[in-house]
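Peer 1: With the sequence up front, the predicted model follows.
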Amino acid sequence: MWIYEKKLQYPVRVSKCDPHMAKLLLEQYGGADGELAAALRYLNQRYTIPEKVIGLLNDIGTEEFAHLEMIATMVYKLTKDATVEQLKAAGLDAHYVSHDRALFYENAGGVPWTAAYIQAKGDPIADLYEDIAAEEKARATYQWLIDMTDDVDLQDSLKFLREREIVHSLRFREAVEILKDNKDMKKVF
Amino acid sequence: MAYPQEQEYYPFVGPYDPCPPITCKTYSTPPQLYIPFQPPNLPQFSPHEALMKGTLWPALFSPYESRWGKGR
């Protein structure tokens, strides 16, 4: 059960008409290391993980949907007023013939999202290590997206999302320490 | 945190490479790599600043600047 708050986690402002950037942002929408994959991965793994870290997967998985909304807002703003000629010039002509200007869960190369991107191994350490890797890959993807635009307002929202990946990565690393029962390691030494 | 958030390295540049070399390559090493478990009672940003930055904790804040337009 969720309670929905009808606002974005962080404001999304796009100042430059750049439909090609919408295509690139799809990597974080329906890509292997994107927000959809992250949300579905964590919210599914949480059933078969020790109780101590269920809440963490629940909270982070939920937040990933808030990030998915932000990416969707960016893509929508960058494409809603683009002419068909602009969409073609942006490399979105193949997208257009299948979807018009609708959003779709695909990566920047147009490959549709697949559950094969994510895993639930049932082994808590294996699953958490995958989650840490997923956060680092998403952080890197945000870096390369920030590199591909000179729109400082878009960069601002992407920098927020990159920072959240860093915090999530640390929380998953802490979850591993909790499951190792090693939280007080420093005090023992 | 005294740890660097970015590292650099200098890859081999061949005499017959087709493009002008980018001699210094960089990569991010953000703070979570150096904090195995966050200790209690760390300093905090103000609520407004925390909402802007994406974290409550200065120790977890990681700036990133776009490479666009910088010849990198």
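Peer 2: Received, thanks. It should be emphasised that the depicted structure is a prediction, and the values quoted were computed from it without experimental measurement. Numbers count the residues shown, from 1 in each chain, chains lettered A, B, ... in the order given.
Peer 1: For burial, what's the neighbour tally of B:Leu56?
Peer 2: Other residues near B:Leu56 come to 18 when the count uses other C-beta atoms under 10 Å in any protein chain shown. From N, CA and C alone the C-beta is placed, and that goes for glycine too.
Peer 1: looking at it, it is touching B:Ala50, isn't it?
Peer 2: Yes: using C-beta atoms under 8 Å, B:Leu56 is in contact with B:Ala50, at 4.4 Å.
Peer 1: Find residues that contact each of those two.
Peer 2: When contacts are counted by C-beta atoms under 8 Å, 6 or more residues apart in numbering or on different chains, B:Leu56 and B:Ala50 have B:Gln44 as shared neighbours.
Peer 1: Which strands or helices does the helix or strand containing B:Tyr27 pack on?
Peer 2: Element membership for B:Tyr27 (DSSP states H and E) is strand B:25-28. Packing partners of strand B:25-28 (3 or more C-beta pairs under 8 Å, 6 or more residues apart in numbering or on different chains; DSSP states H and E): helix A:124-147, strand B:6-9.
Peer 1: tell me the mean pLDDT for the shortest one?
Peer 2: Translated: strand B:6-9. For strand B:6-9, the mean pLDDT works out to 96.
Peer 1: Now for B:Ser66, how many residues are close by?
Peer 2: 20.
Peer 1: swap in A:Gly122?
Peer 2: With other C-beta under 10 Å as criterion, A:Gly122 counts 11.
Peer 1: Same question for B:Thr23.
Peer 2: B:Thr23: 9 surrounding residues under other C-beta under 10 Å.
Peer 1: show me the contacts for it.
Peer 2: By C-beta under 8 Å, 6+ apart, the contact list for B:Thr23 reads B:Tyr10, B:Val13.
Peer 1: How confident was the prediction at whatever residue of chain A ends up closest to chain B?
Peer 2: Nearest residue of chain A to chain B (C-beta to the nearest C-beta) works out as A:Glu163 at 3.3 Å. In this prediction, A:Glu163 carries a pLDDT score of 98.
Peer 1: Let me have the helices and strands packed on strand B:25-28 in CSV, extended by distance to A:Leu57.
Peer 2: Output for these, formatted as CSV (distance: least, C-beta to C-beta, whole Å):
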stretch, distance to A:Leu57
helix A:124-147, 8
strand B:6-9, 30
